[in-house]
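Engineer: Turn this into a model:
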Amino acid sequence: MRFILRPERLLQNSPSAYPSIRGHQHVVVIGGGLAGVTAAVALAERGASVTLIEKRSELGGRLAAWSESFPWGETYQMERGFHAFFRQYYNLRSLLRRIDPDLSFLTPLADYPIVSPSGARESFAGLSRQPPFNVVDLVARTKTLTLSSLAKVNAKAALEMLRYDPDRTYAKFDDISAREYLNSLSFPENARQMLFDVFAHSFFNPENSMSAAELLMMFHFYFMGNPEGLVFDVCNESFSDCIWFPFERYLSELGVEVQFGTQAQRIEPTGKKREWSVLLDNGQRLEGDAVVLAADVEALKTIVARSDEIAHSGWYERIRTLESANPFVVWRMWLDRPVRQDREPFVGTVGAGILDNISIYSRFQGESRRWAYRTGGSVVELHAYCVENDQSIDSIRHQLRNALFTVYPETRNSRLVHESFLYKNDCPAFGRGRNKNRPSTSTPYPTLVLAGDFVRVPVPCALMERAVTSGFLAANHLLARWNVAPHDVWMIPRTGVFA
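Structural biologist: Next up, the predicted model:
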């Protein structure tokens, strides 16, 4: 039985593969988020000519940052919420090393604490990094589990978290909801909240409709099979300064043409040497030897529905049934006074209604830190991962404000100097029973590939890491067709220690 877990490499280079493309292959990449940028980088590094299409004015997708202005005219960088750069995000880190080999823009946080308004607290610092000993350490020190409550836990159901196997787990659990599985554990309510619910919410999908198999994969990826520990790093400056401005320069150096502010309307096979024609909303028509579709779910569905030949294929059904998850909310607030000195930069919250985490940006991000230093205030961000579709914005704001006052009472007397409130619903859904029809990076068309965090990939991963992994896999699919050496794709162990 294997207990020492290490990263594993998915692909090996073929001895007959060329190190770079022989000839001139032009690839159109649609979507400038993590998946699209990864595919563009991977293809351009192997010698492909790449045109990257992005509908917004900046790269990044859900990791993007953009300029906004305070009422007094000063500008700042706004983002779509706090992002944790976990240590087992091997492929994301490999991508980021293209622009910063030392990853000097990432700052480690000491802990990933979970807190509740009652004062309960769960820490994930100092645990063993080797499964299953990390689980043993956590159970031994948590205050939410007693010997008597442990005796009531459904051990057989709980063991499934250490028995993750992609084939078996999805066959057995994809058709039931995450809530049904969590209910079957029979954990005490406070232990379930502190140890499980906060993670289930972190994937932007409601428990009652999310696949239990997806939840088990997430548990495996983040904790049960993760040899790197649960603590993570954060960007010490805005994403634009740390990541996207450097990537714009790097793409330019590779010869990638990036077209901002344009959208792909449809794609069609040409029947010519250049196999694909991509029509843009500005009337331009691009021809390419291959296309990477790396748009978000709703944009992808629109593009494919307008593409006559593809829209009438059986494969389109897999695209048509993709869904977006419930909306999420990010509320960043510039307050006129500091929060208490002992508050952590980031905490997950339970028992605080729709509030899922609190980030004190003035504790870790340079721009916010400098603003707080100049003014004596603080920059606090609230995040609700998955709110009900029928909730009004006023109701959401009211609930989040009251939750903040309950968890951090000192903020009640603060004056709101400025705010930025985001309400978005473009995260992919992972509904029960959907995995068998979820599209992979390959399609029935050899030179048309998909990339994105909604794509089914053959390795356990999620969120940013899933997007980047899919981008490398999509590029590797095309490179294999051209007999060119692939890029390495890394993963945590594919199965759990008791699989």
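
Engineer: All the strands of the stretch 201-350 of the chain, in order from the start?
Structural biologist: Per DSSP state E, counting those that start in this stretch, the stretch 201-350 of the chain carries strands over the ranges 232-235, 257-260, 264-269, 276-280, 285-288, 290-293, 328-335, 346-349.

Engineer: Pipe those strands into CSV and attach distance to residue 24 per row.
Structural biologist: (Each C-beta comes from the backbone N, C-alpha and C, glycine too.) Putting these into CSV (distance: least, CB to CB, whole Å) gives the following:
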stretch, distance to residue 24
strand 232-235, 37
strand 257-260, 14
strand 264-269, 20
strand 276-280, 15
strand 285-288, 11
strand 290-293, 12
strand 328-335, 42
strand 346-349, 47
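
Engineer: closest to residue 150 out of the ones you listed?
Structural biologist: With CB to CB, the closest approach to residue 150 among the strands of the stretch 201-350 of the chain belongs to strand 346-349: 23.0 Å.

Engineer: pretty sure residue 415 is touching residue 336, no?
Structural biologist: Yes: under the criterion of CB atoms under 8 Å, residue 415 is in contact with residue 336, at a separation of 4.3 Å.

Engineer: Which residue of the two possesses the greater neighbour count?
Structural biologist: residue 336 (13 against 9; other CB atoms under 10 Å).

Engineer: Got the confidence number for that one?
Structural biologist: At residue 336, the model reports a pLDDT of 98.

Engineer: That one and residue 374, how far apart?
Structural biologist: Distance of residue 336 to residue 374, computed by CB to CB, to the nearest Å: 12 Å.

Engineer: Kindly report the same for residue 292.
Structural biologist: With distances taken as CB to CB, residue 292 is found 44 Å from residue 374.

Engineer: For these two, indicate the residue with more neighbours.
Structural biologist: residue 292 (33 against 8).

Engineer: So in terms of bridging, what pairs with the more buried one?
Structural biologist: As for beta bridges, residue 292 partners with residue 29, residue 449 under DSSP bridges.

Engineer: show me what contacts it?
Structural biologist: 27-31, 36, 39-40, 43, 449-451, 471, 474-475, 478 (CB atoms under 8 Å, 6 or more residues apart in numbering).

Engineer: likewise residue 189?
Structural biologist: Under the criterion of CB under 8 Å, 6+ apart, the contact list for residue 189 is empty.

Engineer: Local confidence estimate at it?
Structural biologist: The predicted local confidence for residue 189 is 83.

Engineer: so where do the helices sit in the stretch 1-150 of the chain?
Structural biologist: Taking DSSP state H, counting those that start in this stretch, the helices of the stretch 1-150 of the chain run over residues 34-45, 90-96, 133-141, 147-152.

Engineer: which residue ranges form the strands in the stretch 351-499 of the chain?
Structural biologist: With DSSP E, counting those that start in this stretch applied, the stretch 351-499 of the chain shows strands at 357-360, 378-384, 416-424, 448-450, 490-491, listed in chain order.

Engineer: Report the distance from the third one to the chain centre.
Structural biologist: Think strand 416-424. If you compare the mean C-alpha spot of strand 416-424 with that of the full chain, they lie 22 Å apart, counting by CA atoms, centre = their mean, to the nearest Å.

Engineer: what comes up buried for it?
Structural biologist: For strand 416-424, burial by neighbour count (16 or more other CB atoms under 10 Å) applies to 417, 418.

Engineer: what lines up beside it in the sheet?
Structural biologist: Applying DSSP bridges, strand 416-424 is found paired with strand 328-335 (antiparallel).

Engineer: contacting residues around residue 230?
Structural biologist: Contact partners of residue 230, counting by CB under 8 Å, 6+ apart, are 86, 112, 124, 127, 134, 222, 223.

Engineer: okay if I get these as a markdown table plus neighbour count?
Structural biologist: Converted to a markdown table, these look like this (neighbours: other CB atoms under 10 Å):
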| residue | neighbour count |
| --- | --- |
| 86 | 23 |
| 112 | 21 |
| 124 | 19 |
| 127 | 19 |
| 134 | 20 |
| 222 | 24 |
| 223 | 19 |
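
Engineer: Can you tell me who residue 280 pairs with across the strands?
Structural biologist: Bridge pairing for residue 280 - DSSP bridges - gives residue 264.

Engineer: Can you say which of the strands of the stretch 201-350 of the chain is packed in most?
Structural biologist: For the strands of the stretch 201-350 of the chain, ranked by mean neighbour count under the definition mean count of other CB atoms under 10 Å, the leader is strand 290-293 at a mean of 29.

Engineer: Dump that one to CSV, keeping only the CA atoms.
Structural biologist: What follows is strand 290-293, C-alpha atoms only, in CSV (Å, rounded to 0.1, in the frame of the first residue of the first chain):
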residue,chain,number,x,y,z
ALA,A,290,-6.7,24.4,-35.9
VAL,A,291,-9.0,26.1,-33.3
VAL,A,292,-8.9,26.0,-29.6
LEU,A,293,-12.3,26.8,-28.0
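
Engineer: Let's test this: mean pLDDT of it, rounded?
Structural biologist: Strand 290-293 shows an average pLDDT of 98 in the prediction.

Engineer: ditto for stretch 492-499
Structural biologist: The model assigns stretch 492-499 a mean pLDDT of 93.

Engineer: What is the neighbour count of the residue nearest to residue 259 when sequence neighbours are not counted?
Structural biologist: The spatial neighbour of residue 259 that comes closest, neighbours along the chain excluded (CB to CB, 6 or more residues apart in numbering), is residue 53 at 5.4 Å. A count of neighbours around residue 53, defined by other CB under 10 Å, yields 26.

Engineer: hang on, the earlier thing: quick one: which of the contacts of residue 230 is nearest to residue 409?
Structural biologist: Within those, proximity to residue 409 (CB to CB) peaks at residue 112, which comes in at 22.7 Å.

Engineer: I'd assumed residue 229 was in contact with that closest one.
Structural biologist: No: under the criterion of CB under 8 Å, residue 112 is not in contact with residue 229, lying 9.2 Å apart.

Engineer: Which residues are in contact with each of these two?
Structural biologist: If you check residue 112 and residue 229 against CB under 8 Å, 6+ apart, the residues they both contact are residue 124.

Engineer: if we can go back for a sec, and the contacts of residue 230 as JSON lines, adding distance to residue 191 and pLDDT?
Structural biologist: Rendered in JSON lines, the data for the contacts of residue 230 read as follows (distance: CB to CB, whole Å; pLDDT from 0 to 100):
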{"residue": "86", "distance to residue 191": "23", "pLDDT": "96"}
{"residue": "112", "distance to residue 191": "17", "pLDDT": "88"}
{"residue": "124", "distance to residue 191": "14", "pLDDT": "84"}
{"residue": "127", "distance to residue 191": "16", "pLDDT": "86"}
{"residue": "134", "distance to residue 191": "17", "pLDDT": "85"}
{"residue": "222", "distance to residue 191": "18", "pLDDT": "94"}
{"residue": "223", "distance to residue 191": "15", "pLDDT": "91"}
